[in-house]
Each structure stands twice: as C-alpha cells, then as structure tokens.
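[1] Quick one, fold the following:
(one chain, ligands or ions: 1)
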Amino acid sequence: MRLPPAIINNTEEVLREILRFTGPADGTLSRYFREHPKLGSRERGVVAEAVYGLLRNKAVYTSFAESGNGPTMRRMTLLGLADAVGVESLGGLTEEETEWLKHVMQIDRTLLPSLLRSNLPEWLFDKLVARDGEATALELAHAVNQPAPLDLRVNALKATREEVITSLAEAPILCEPTPYAPLGIRVIKKPALQNLPLFKNGSIEVQDEGSQLLSQVVGAKRGEMVVDFCAGAGGKTLSLGAAMRNTGRLYAFDISDKRLAKLKPRLARSGLSNVHPVLIAHENDAKVKRLAGKIDRVLVDAPCSGLGTLRRNPDVKWRQTPQSLVELNEKQASILAGAARLVKAGGRLVYATCSILDEENEAIVASFLASRDDFVLIPMSEVLAEQKIDLKMGDYLKLSPAQHHTDGFFAAVLERKK
Ligand SMILES: C[S@@+](CC[C@H](N)C(=O)[O-])C[C@H]1O[C@@H](n2cnc3c(N)ncnc32)[C@H](O)[C@@H]1O
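    Numbers count the residues shown, from 1 in each chain. Predicted structure coming up:
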C-alpha cells in the first residue's frame, strides 16, 4: 500500500530540525512525534527509518541530492524514504522525481570515492585511515553504518538464559545466545518488549553485548564495595549489582540527576537492593573524597564522543568535531584521576568508553599511568581468562562493530599496588 503524500512533508520537517544538530536526533524525533499525535504507528516507523537512513548515509545522499532539480532538502528526504520503503511505496511524487529516484538508487556505491563511500566526516575518516589503513577504515565505516541488533541481558537474580530463551520462543520472539557475553540474548527482529512479563518482572534488560562484557571485566564480586562512577541511567550498574548477587554496596555516582532518575524504575524492576544512587557535583566532590581508599572496584564509564555507538546514534558522527574531542579528553583525564582516589590498595579501577578513538582510550590510560606509579595495568587477556570469556585481546578490551558485532567499546583494568 502506498504511503500518504503528507509523510514526505512530515519527514522533511523533522529532518530539517535534526540536521541543525542542536541536540540528539532521537530526542528531536520523539518530541516531533509527541507534537504530531495524528501520525499512526506505521507512519512514525517510516519517518524514523528514513531519518536514520539519511543520517547514516548523509554524505552519499547529499552528493546525490545535488544532482537533479528542485530543493535539496526535499530530495534528501525522498532518498531517505526511498531507502526505507522503496520508491514504489511513495505517494505524491512527480514523474521527474520518480525517474530521478529510480536512477540514483541504482548507482553502484562501491564505485564512489572512499571518503564519500565511508559516509564519515573527513576528519574522522582521515584519522581512521592513518591508524588502520584505508581498507580497514572502510570496513569499520560500513559496519557502523548498519542498524544494531537488539541485545538483552538476563538478570541472573531472576532467571537463567535458557529459561528466558524458552519463554521468548513461546511469545514467539526469535532469538539466540550472544557469542561472548554469558547472559546475553540477541533478538532477531525488534519486538516491543515493554509489555512482556519478562521485562516487567525484571528478568531481562536491554543492553548491548559489548556493554555487558565491559561490566563483566570489572569483576565485581559478592560482598564488595563497588563504585560505578559515571552511572548515568544505570545500564552497567544493573549488571554490576547482579554480578554482586545483590550483596555488598554499589554506589551509582553521576552529575546528572535526570539520568540517575531514569535508573530508579530500572532498579525497582531488577530486585536489587545493594545500589545507592548518589548525585555528585563533579569528580572532586566531598562525597567522593569521603570514600577515598575504601573501594574494591571502581568503574569509570567516561563521558565520550560515543563514536562506538554509531549503529544506534548515526547523528553523533556529524555532531562531534576535533575541538569537542579535545574538551572530552580533558574531562576524561580529570574524572579518571578523581575516581582513582577511591580505589583501595589491591583494588581495581576500570576505565571504559564507547569510543573507537585512541585519544579517548589508550592515550588517557597511558598518561594516567605515567603520572601514577601506584597503579599497574592488568592485561585484558588475563582479565578475560579470569572471567572465562573466550575473546582474544591484548592489553585492552577493544570491541569493534566490524569484528565483534557489538558497539565499539574500550576498557582498561588498572590495579592499585598493595
Ligand atoms: C557514557 S555515559 C554513562 C553510561 C552508563 N554507565 C550506562 O551504562 O548506561 C557517561 C556519564 O558520565 C556522566 N558524567 C559526566 N561528567 C561526570 C563527572 N564529572 N563525574 C561523574 N559522572 C559524570 C554523564 O552524566 C553520563 O551519564
């Protein structure tokens, strides 16, 4: 069935706003849908798919849109929509538009110049090529340009992975165990989960396999004192609390009360009672200093560029700049130094990001270690062996959408000498 012609105007309207890049695309899209309640669920789905497709392929679509006649933004919109539903499903096109769309959708994109084909901003593509070579950079660019699968984590306090898989199959929801994370499940299509009893009773949470692995390398155990220093809405807090079997004490620090507020209902579902959310003003807050030298494990899931999550947030690549990276690097180093004072002798500090860039990852860890001879790096290969995770890594956890089919994550484990 053809889509109503009005959907082109809706998509163009929201796209115009999103392409100003004044805030995250998902937030703008949700607000637009709230303000346009008459859009049905099918239409919303199509608008969202077109917008995300366009953000993923913005470089190529901009160059296509510059060919042909008429306003560029309309042609960008048509490309996003044609990609989402096919040219035949679009109503309200002129004959010329139909012909033009059919022509550009057939262009062999593998023949385009590398930078254009990567759909990355030039500064980022150049950085990746300088580090990995052009072929690997293009492979990564291709992998981050695909939509992410939906991964779930089983809450081991409430169910086993096998029980959840059986129960999902009855729904029926097609899924399979994730290859590396022992409690992960990859859902084949993307059903609405919110109303499933398994979700309501806290047996499952949505969490990318990479994020699950990152929590696991923290190695939090029963009865320990643990701090999740940048807890946000608590994706990793929940997995750490479950790994501690709801014992010990887990502090969830963050400077954003909005994000910590989102943790509350998730905590209620999870059945965890060992988690203490704490709003801090900054990394040197007196609440941090009071716990100095007392903590067994500290996770710093640092604020970062988010360039490892482009599969979910394709707008991020157009919103980050070399300048914003410099500012993030200063913050990352300062948060790591602030969090380090919490760690007791023999305790561990885990520095992590969802970035694929060395300057947010290895470089921050190297400069921390250069100034702190009371910390040593524990090679990730050892940590993974301790955790019985079958993944080949060197000193660091470096997960890549191209190789591991997770979001791009980095983690380093540092131990305070006894
Ligand atoms: C990558 S996000 C955390 C995601 C979260 N750990 C999860 O798994 O869902 C980084 C978080 O760091 C917080 N943050 C920024 N500056 C901070 C600081 N100085 N101290 C503590 N948290 C900070 C941000 O509010 C944000 O929630």
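[2] quick one, helices of the stretch 1-150 of the chain?
    Listed in chain order, the helices of the stretch 1-150 of the chain (DSSP state H, counting those that start in this stretch) span 6-18, 25-35, 41-56, 58-65, 72-85, 95-105, 114-118, 122-132, 134-144.
[3] closest one to the ligand among those?
    helix 25-35 (14.6 Å; Cβ to the nearest ligand atom). For the C-beta atoms, the positions are set from N, CA and C on the backbone; glycine is no exception.
[4] CA atoms only for the closest one, dumped as CSV, please.
    Extracted in CSV, the C-alpha atoms of helix 25-35 (Å, rounded to 0.1, in the frame of the first residue of the first chain):
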residue,chain,number,x,y,z
ALA,A,25,18.3,13.0,16.9
ASP,A,26,16.3,10.5,19.0
GLY,A,27,15.2,13.3,21.3
THR,A,28,14.1,15.6,18.4
LEU,A,29,12.3,12.7,16.8
SER,A,30,10.4,11.8,20.0
ARG,A,31,9.4,15.4,20.5
TYR,A,32,8.2,15.7,16.9
PHE,A,33,6.0,12.6,17.3
ARG,A,34,4.6,13.9,20.6
GLU,A,35,3.7,17.2,18.9
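[5] what angle sits between that helix and helix 41-56?
    Helix 25-35 runs at 150 degrees relative to helix 41-56, counting by axes from the mean of the first three to the mean of the last three Cα atoms, to 10 degrees.
[6] which non-adjacent residue is nearest the one residue in the stretch 51-200 of the chain that gets nearest to the ligand?
    Closest approach between the stretch 51-200 of the chain and the ligand, counting by Cβ to the nearest ligand atom: Arg153, at 11.2 Å. Once flanking residues are discounted, Arg153 sits nearest to Gln207: 4.3 Å by Cβ to Cβ, 6 or more residues apart in numbering.
[7] give me phi/psi at that neighbour?
    Gln207 adopts backbone torsions of phi -160, psi 130, taken as degrees, to the nearest 10.
[8] ok, how many other residues are close to it?
    Other residues lying near Gln207 total 21 when counted by other Cβ atoms under 10 Å.
[9] residue contacts, it?
    Shown in contact with Gln207 (Cβ atoms under 8 Å, 6 or more residues apart in numbering): Asp151, Leu152, Arg153, Gly184, Gly235, Leu238, Ser239.
[10] PyMOL command to pick out the buried ones of the residues you listed?
    To isolate the buried members of these in PyMOL, using 16 or more other Cβ atoms under 10 Å:
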select buried, resi 151+152+153+184+235+238+239
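[11] What about the contacts of Gln207, which are in helices?
    Gly235, Leu238, Ser239 (DSSP state H).
[12] Quickly name whichever of those residues is closest to the ligand.
    Out of the ones in helices among the contacts of Gln207, the member with the shortest distance to the ligand (by Cβ to the nearest ligand atom) is Gly235, at 3.0 Å.
[13] where's the closest one relative to Cys304, distance?
    If you measure Gly235 against Cys304 using Cβ to Cβ, to the nearest Å, the figure is 14 Å.
[14] Pro71 now?
    Pro71 is 36 Å from Cys304, where distance means Cβ to Cβ.
[15] which of these two has more neighbours?
    Cys304 (25 against 10).
[16] Return the residues in contact with the more buried one.
    Leu328, Gln332, Thr353, Cys354, Ser355, Glu360.
[17] Name the SS class of it, please.
    Under DSSP: H, G, I helix; E, B strand; the rest coil, Cys304 falls in the coil class.
[18] what phi and what psi does the backbone show at it?
    phi -150, psi -180.
[19] Who is the closest residue to Asp257 other than its chain neighbours paired with across the strands?
    Counting by Cβ to Cβ, 6+ apart, Asp257 lies nearest to Leu279, which is 5.2 Å off, once chain neighbours are set aside. Bridge pairing for Leu279 (DSSP bridges) gives the partners Asp254.
[20] okay, the helices of the stretch 1-150 of the chain in TSV with distance to Glu176, mean pLDDT and mean neighbour count next?
    Shown next, in TSV, are the helices of the stretch 1-150 of the chain (distance: least, Cβ to Cβ, whole Å; pLDDT from 0 to 100; neighbours: other Cβ atoms under 10 Å):
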stretch	distance to Glu176	mean pLDDT	mean neighbour count
helix 6-18	33	96	19
helix 25-35	27	97	16
helix 41-56	24	96	20
helix 58-65	32	95	20
helix 72-85	26	94	22
helix 95-105	32	93	15
helix 114-118	30	98	18
helix 122-132	30	98	16
helix 134-144	19	98	18
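[21] Adding distance to the ligand, write these out as CSV.
    Output for the helices of the stretch 1-150 of the chain, formatted as CSV (distance: least, Cβ to the nearest ligand atom, whole Å):
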stretch, distance to the ligand
helix 6-18, 22
helix 25-35, 15
helix 41-56, 20
helix 58-65, 24
helix 72-85, 28
helix 95-105, 37
helix 114-118, 25
helix 122-132, 19
helix 134-144, 17
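[22] Now render those as a markdown table, adding distance to Val227.
    Converted to a markdown table, those look like this (distance: least, Cβ to Cβ, whole Å):
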| stretch | distance to Val227 |
| --- | --- |
| helix 6-18 | 36 |
| helix 25-35 | 29 |
| helix 41-56 | 35 |
| helix 58-65 | 39 |
| helix 72-85 | 43 |
| helix 95-105 | 51 |
| helix 114-118 | 39 |
| helix 122-132 | 32 |
| helix 134-144 | 31 |
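[23] do you know which of those helices lies nearest Asp373?
    The closest of these to Asp373 is helix 122-132. By Cβ to Cβ, the value is 28.6 Å.
[24] Quick check: nearest residue in space to Glu359, chain neighbours excluded?
    Using Cβ to Cβ, 6+ apart, the nearest residue to Glu359 is Asn329, at 5.9 Å.
[25] Model confidence score at that neighbour, please.
    Asn329 carries a pLDDT score of 98 in this model.
[26] what's near enough to touch Arg341?
    Here Arg341 is in contact with Val288, Lys289, Ala292, Gly293 (Cβ under 8 Å, 6+ apart).
[27] if I look at it, how far off is Arg249?
    From Arg341 to Arg249 the distance is 18 Å (Cβ to Cβ).
[28] same thing with Val376?
    Remark: distance between Val376 and Arg249 (Cβ to Cβ) = 26 Å.
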